[in-house]
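Student: the following comprises the amino acid sequence and a computationally predicted model.
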Amino acid sequence: MDASQAAQGHDTGLGRDSKVIGLIGTAHFASHFYQLSMPALFPLIYRAEGISYTELGTLWTVFFLTSGLCQTPAGFLVDRIGARPVLVSGLTLMAGAIALFGLTYHYPVMLLLAFLAGLGNSIFHPADISILTGSVHERRMGRAFSIHYFGGFIGYAAAPLCMVAVGHVIGWRHTVTLAGAIGLIVALLVWINRAEMRDDRDAGRAAGRVDARLGWRHEMGVLLRAPTIFSFLFFALMAMGSVGIMTFGASTLVALLDTPETLASSAISANLTGAVGGILIGGWLADRTRRHDFHTAIVVTICVALLLVIPATRPDGIFTLFPLLIAAGVFYGISCPLRDMVIRSIAPKGAAGKVFGFTYSGMDFGSAIMGVLFGILLDRKLPDVVFLCIAGFMMLSVVSILVAKVMARRGT
């Protein structure tokens, strides 16, 4: 059954959908695993090679900067040549670069490999979403997005545990080479099963909604539409809140509540664990509602309300602090598949790659702004203001996604 049938609402079959969702979820797992694979080994590399932490940190600054800047061009490439070759190429490039870290002894070469790995990482969101949009039946789309997110979160969780454990046994060089080799096997599996996948570009052409003769001016115009701009702002503002919790949450709890560092770190881990569970709930909910923008607004608002309880009441025990953070994580996780359904509904048919690439790049820019702002606030002993900023940014993101959906309905 082809993409046009899927687009028209005919069920493409649970078996094929599950296969596609599993492959894309595995690829997204690899992307997030590799994002933390080298940082997890920094202490071992520092001791074994004498490379400073500043130099090691610079490697991953290059990685994330490259990934953020290249996401939008990657989206254009996905919509031009198709998501399948882009996904396989990106995964191969990223896994290969990680593997080669174990074979080089020269720091400038490591910088080049960090750039190549970041370039490979930039393609995952636009390629993954385009394939899910074009391949999976509408009734399972929310769950498809939730498994996609779930794979990424599990990749984040697995990387530090696996890389450090194996690194202490066989050394950091053999560990990254082995990790990269496994990624190349995943890329091969995706390529072997490429016939099972369609992408948003295929669906758009099959439905007669994409004109191959349209030029770059038209394609750039898709990104300059008001709904797309507000979707970009949504991701930027949401990242300033959610990534702020992930990165500065423990430090803020220590400063605000005088919480021991180990307890504060455990509390943030509990928050992320709640988010993983919420992602699966969100996928189920997304497949059972049509007002994804409205439900996104509700669950994000509840998440914000729970977070604001912390500076308001200053809970100082594990039985008061942890439930608040776990519950906030659950509601944040629920919002993830819902918000992707909103962006999917806003993106013109055949343009999911560039729209998701552009809007998701907002997360990188929001994260960059957040790091400087929250660092300044903590240096000035203002942890309460950190929580207020997190809440404020997340509520502004709610406004952004509601406005984006309203403008999309009006055809703005």
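Tutor: Yep, that arrived. Residues are numbered from 1 along each chain as shown.
Student: buried stuff in stretch 178-188?
Tutor: L178, A179, G180, G183, L184, V186, A187 (16 or more other CB atoms under 10 Å). In short, each C-beta sits where N, CA and C put it, glycine included.
Student: just the residues you listed now: which is nearest D316?
Tutor: Within the buried residues of stretch 178-188, the smallest distance to D316 is 40.2 Å, found for A179 (CB to CB).
Student: chain neighbours aside, what residue packs nearest to that closest one?
Tutor: S37 (5.6 Å; CB to CB, 6 or more residues apart in numbering).
Student: show the contacting residues for that neighbour.
Tutor: When contacts are counted by CB atoms under 8 Å, 6 or more residues apart in numbering, S37 touches I98, A159, M163, V176, A179.
Student: break down the stretch 251-400 of the chain into its helices, ranges please.
Tutor: For the stretch 251-400 of the chain, the helices defined by DSSP state H, counting those that start in this stretch occupy 261-286, 292-313, 318-346, 352-379, 383-410.
Student: what angle separates the longest one from helix 292-313?
Tutor: For helix 318-346 against helix 292-313, the angle by axes from the mean of the first three to the mean of the last three CA atoms, to 10 degrees is 160 degrees.
Student: can you give me the pLDDT of L14?
Tutor: As predicted, L14 sits at a pLDDT of 79.
Student: quick one: low-confidence parts of this structure?
Tutor: Counting by pLDDT under 70, the chain has low-confidence residues at 1-12, 201-219, 412.
Student: if we use 80, what do you get?
Tutor: For the chain, the stretches with pLDDT under 80 are 1-14, 200-222, 246-247, 316-317, 349-352, 364, 367-368, 371, 411-412.
Student: could you point out the longest helix of it?
Tutor: Criterion DSSP state H: the longest helix present in the chain is helix 14-49.
Student: so how far is that helix off the chain centroid?
Tutor: Counting by CA atoms, centre = their mean, to the nearest Å, helix 14-49 is centred 12 Å from the centre of its parent chain.
Student: cool, and stretch 158-172?
Tutor: In terms of CA atoms, centre = their mean, the centre of stretch 158-172 is set 23 Å apart from its chain centre.
Student: same question, stretch 340-348
Tutor: Taking CA atoms, centre = their mean, one finds stretch 340-348 lying 16 Å from the centre of the chain it belongs to.
Student: look up how far D79 lies from G134.
Tutor: Going from G134 to D79 by CB to CB, to the nearest Å gives 11 Å.
Student: err, M163, not the other one
Tutor: Computed as CB to CB, the M163 to D79 distance reads 34 Å.
Student: and the helix or strand following the longest helix of the chain with helix 14-49, angle?
Tutor: Using DSSP states H and E, the helix or strand that follows helix 14-49 in sequence is helix 53-81. Comparing the axes of helix 53-81 and helix 14-49 via the same axes, to 10 degrees yields an angle of 150 degrees.
Student: quick one: buried residues of helix 53-81?
Tutor: So, applying 16+ other CB under 10 Å, buried residues of helix 53-81: 56, 58-60, 62-64, 66-68, 70-79.
Student: which strands or helices does that helix pack on?
Tutor: helix 14-49, helix 83-101, helix 107-121, helix 124-135, helix 200-206, helix 216-223, helix 352-379 (3 or more CB pairs under 8 Å, 6 or more residues apart in numbering; DSSP states H and E).
Student: break the protein into its domains for me.
Tutor: Annotated domains of the chain cover 3-206, 217-410 [automatic domain parsing].
Student: can you tell me the closest non-neighbouring residue to F235?
Tutor: Using CB to CB, 6+ apart, the closest residue to F235 is G362 (3.5 Å).
Student: who touches the one you found in this structure?
Tutor: By CB under 8 Å, 6+ apart, the contact set of G362 is S231, F232, L233, F234, F235, A236, A239.
Student: which of those fall in helices?
Tutor: Using DSSP H, the contacts of G362 in helices are S231, F232, L233, F234, F235, A236, A239.
Student: quick check: the gap between R173 and L338.
Tutor: With CB to CB as the criterion, R173 and L338 are 42 Å apart.
Student: which of those two has more neighbours?
Tutor: L338 (27 against 19; other CB atoms under 10 Å).
Student: quick check: G120 touching T92?
Tutor: Yes - counting by CB atoms under 8 Å, G120 touches T92, with 7.4 Å between them.
Student: looking at the two, which is more packed in?
Tutor: More crowded of G120 and T92, by other CB under 10 Å: G120, with 28 against 18.
Student: can you tell me the closest non-neighbouring residue to the more buried one?
Tutor: Using CB to CB, 6+ apart and skipping residues adjacent in sequence, the residue nearest G120 is M94, 3.1 Å away.
Student: ok so, going back, could you export the helices of the stretch 251-400 of the chain as JSON lines, including distance to F153?
Tutor: Shown next, in JSON lines, are these (distance: least, CB to CB, whole Å):
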{"stretch": "helix 261-286", "distance to F153": "5"}
{"stretch": "helix 292-313", "distance to F153": "16"}
{"stretch": "helix 318-346", "distance to F153": "8"}
{"stretch": "helix 352-379", "distance to F153": "14"}
{"stretch": "helix 383-410", "distance to F153": "19"}
